[in-house]
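1. coords below, sequence missing:
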């Protein structure tokens, strides 16, 4: 039976991490990149805990490491920190570049959501229709132009990497994981039947399938 003391909200789990590991997890100021493999360290500390589960910690880490403040910290700090706040391994350049890219994409999505849409009146609708009626062939060319770079990118990606053999899907193995059209360096942290949990170079925890893993 699950205890009633178990935290349920992801923000409560983050508060738990702030209070349990104050030298490592920061709410606003002083955020630093987390040690690679920090989830395993936390899992050992909370073994048998009545408050949080490993799944909740993984979700909280995903939220923490995808925040703008954390991504900025990856780009500005030379070293990572462990649970006690001690200096861990150095932040590699590829980790910095990945964090910068993730930060730019996240900010672009936010700006797009916030951008107000101009209300369309009847005159706009008629003008749009009248322009389109005389040029039906041109309207069909846009999708082909947009898809071409994606197809080229897929061909480039598929030619450079090899799928990870089934016998190499093991905890602590370093791999490349496919996220959308990108391949990101990661470390396998857990294998659960068809599901594989990996930790990205930024520290983010991701759940994926074995077929999305490739040889590093």
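-> Cool, got the structure. Here the structure is a predicted model, which means the values were calculated and not measured.
2. Strands of the protein, start to end?
-> In the chain, the segments counted as strands under DSSP state E are 79-81, 87-90, 174-179, 182-192, 195-200, 205-209, 213-215.
3. which one of those strands lies closest to residue 98?
-> strand 182-192 (6.4 Å; Cβ to Cβ). (Glycine included, C-beta is placed from N, CA and C.)
4. before we move on, the earlier item: dump the strands of the chain to TSV, plus mean pLDDT and mean neighbour count.
-> Shown next, in TSV, are the strands of the chain (pLDDT from 0 to 100; neighbours: other Cβ atoms under 10 Å):
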stretch	mean pLDDT	mean neighbour count
strand 79-81	96	20
strand 87-90	95	14
strand 174-179	84	18
strand 182-192	84	18
strand 195-200	84	21
strand 205-209	84	16
strand 213-215	87	18
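5. In CSV: those, plus distance to residue 25.
-> Listed next are the strands of the chain as CSV, based on distance: least, Cβ to Cβ, whole Å:
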stretch, distance to residue 25
strand 79-81, 9
strand 87-90, 14
strand 174-179, 24
strand 182-192, 18
strand 195-200, 16
strand 205-209, 14
strand 213-215, 28
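6. so which of those strands comes closest to residue 52?
-> strand 205-209 (14.3 Å).
7. and that closest one, which strands flank it?
-> strand 195-200 (antiparallel) (DSSP bridges).
8. Now for the residue nearest to residue 98 when sequence neighbours are not counted: which residues touch it?
-> In space, residue 98 comes closest to residue 201 once its chain neighbours are excluded; the distance is 5.4 Å by Cβ to Cβ, 6 or more residues apart in numbering. Going by Cβ atoms under 8 Å, 6 or more residues apart in numbering, residue 201 touches 36, 92, 94, 95, 98, 184, 185, 186.
9. This completes my enquiry, with thanks.
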